[in-house]
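Asks: sequence and predicted structure below; questions after.
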Amino acid sequence: MKDILIALWPVFILLLLGYTAKHSQFLHKAFWEAAEKATYFVLFPVLLVYKLSQADFAGVNFADIAGPMLALTIVFTVLLMGLQRLLKLPWPVFSSLFQGTVRFNTYVGFAVIASVQGDTGVAMLAVLLAVMIPAVNVLSVGVFALGGEHVSWRNVFRSLLANPLINACALGIFLNLSGFGLPTLLVSVADLLASMALPLGVLCVGAGLQLRKINIAPAVLVLSCLLKLVLMPVAMMGVVWWFSEERAVAITLIIFSALPTAPSAYILSRQLGGDSQAMAAIISLQTVMSCLSLPVILMLCTEILLK
């Protein structure tokens, strides 16, 4: 447990520093907008291309990495639709609960997995992102469409094709498997830029927390935390205990399944008529609660996989 806390402590401190810097107005709002843009469009794509282009994929089965998470996400989608029939939540509120369960915070994921698993975990996470980002976006937009919202699927697929993280994953894997690799002159530059991505990304997540909105829709907030931070990682533990032979893959999948939901869920909620205030509350509470749940999940994960 001590080793896990030591590995995760820097992530939680950066979250706190980001929140404090933003809400104390030590750094102006314009700084955070620019930092988020730079992180999303430049630093994280460079990190993905850099790590993937140099990763050792010998003997790696991509289906073993992405398959369990995709299957579990589909199972939880069915579960959530069943809950909706039972609870009869207003559809905008349900859309927030849905996104709060199936989405994942990429920045926190990279920081945690890099601390626990190193470059091997980062490469596996990148493979997960290449599959899961399109999947959760299509599922989330589909939920809005079922709720009667007008959805332009052409725009959805256009945005996926333009997603810098997906494109970076594809480029990095291509450079690796094709044998071209990253040009030597760019390696040192990519290394410097990649080293900025994780700390700045987590600081931005902390800055984006809206803790004053956590008192909205308490039942939905509690349910979202139970589903995302407890039930999903516990279910993934069962999956990898039965089916995964690679310990590194199993740990990466469990961490990924235990991540809090993504800040981008708030943007989609506002664009497509969801309950954006409930979504902001879910994002903020899950991010804070993950500081407690992730160490416990990792401890249980280690105990189970060592047996």
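Replies: The structure has been received and is ready for your questions. Numbering: from 1, shown residues only.

Asks: distance between the ends of stretch 260-275?
Replies: Start-to-end span of stretch 260-275 (CA to CA, to the nearest Å) is 18 Å.

Asks: show me the contact partners of it.
Replies: Stretch 260-275 has contacts (CB atoms under 8 Å, 6 or more residues apart in numbering) with 90, 92-93, 95-96, 99-101, 103-106, 108, 140-141, 144, 147, 149, 151, 205, 208, 217, 224, 228-229, 276, 279-280, 282-283, 286-287, 289-290. The C-beta positions use only the backbone N, C-alpha and C, and glycine is treated the same way.

Asks: go with 6 Å
Replies: Surrounding stretch 260-275, the residues in contact under the criterion CB atoms under 6 Å, 6 or more residues apart in numbering are 92-93, 95-96, 99-100, 103-105, 144, 149, 208, 276, 279-280, 283, 286-287, 290.

Asks: do stretch 88-102 as well
Replies: Contacts for stretch 88-102 (CB under 6 Å, 6+ apart): 73, 76, 80, 84, 136, 140, 143-144, 147, 220, 224, 227-228, 261, 265, 274-275, 278-279, 282.

Asks: and stretch 69-76, how far from the chain's centre?
Replies: Its chain's C-alpha centre and that of stretch 69-76 lie 15 Å apart, by CA atoms, centre = their mean, to the nearest Å.

Asks: apologies, that question was intended for stretch 36-47.
Replies: Distance, centroid of stretch 36-47 to centroid of chain: 15 Å (CA atoms, centre = their mean).

Asks: for S257, what are its contacts?
Replies: Neighbours of S257 in contact, by CB under 6 Å, 6+ apart: 232-233, 236.

Asks: L52 now?
Replies: 126, 172-173, 176.

Asks: try 10 Å
Replies: 122-123, 126-127, 130, 168-177, 182 (CB atoms under 10 Å, 6 or more residues apart in numbering).

Asks: show the buried residues in the residues you listed.
Replies: 122-123, 126-127, 130, 168-169, 171-173, 175-176, 182 (16 or more other CB atoms under 10 Å).

Asks: my guess is F31 contacts G18. True?
Replies: No. Here F31 does not reach G18: they are 11.1 Å apart, not a contact under CB atoms under 10 Å.

Asks: these two: who's more crowded?
Replies: G18 (24 against 13; other CB atoms under 10 Å).

Asks: any idea which element that one lies in?
Replies: Per DSSP states H and E: G18 is located in helix 2-23.

Asks: name the helices or strands packed onto that helix?
Replies: helix 29-38, helix 106-146, helix 184-207, helix 276-306 (3 or more CB pairs under 10 Å, 6 or more residues apart in numbering; DSSP states H and E).

Asks: related to what we said a few turns ago, any shared contact partners between F31 and G18?
Replies: A207.

Asks: rewinding a little: could I get the average pLDDT for the helix holding G18?
Replies: The average pLDDT within helix 2-23 is 82.

Asks: list the buried residues for it?
Replies: 4, 7-8, 11-12, 14-15, 17-19, 21-22.

Asks: before we move on, what about stretch 226-237?
Replies: Buried residues in stretch 226-237, defined by neighbour count with 16+ other CB under 10 Å: 227-229, 231-233, 235-237.
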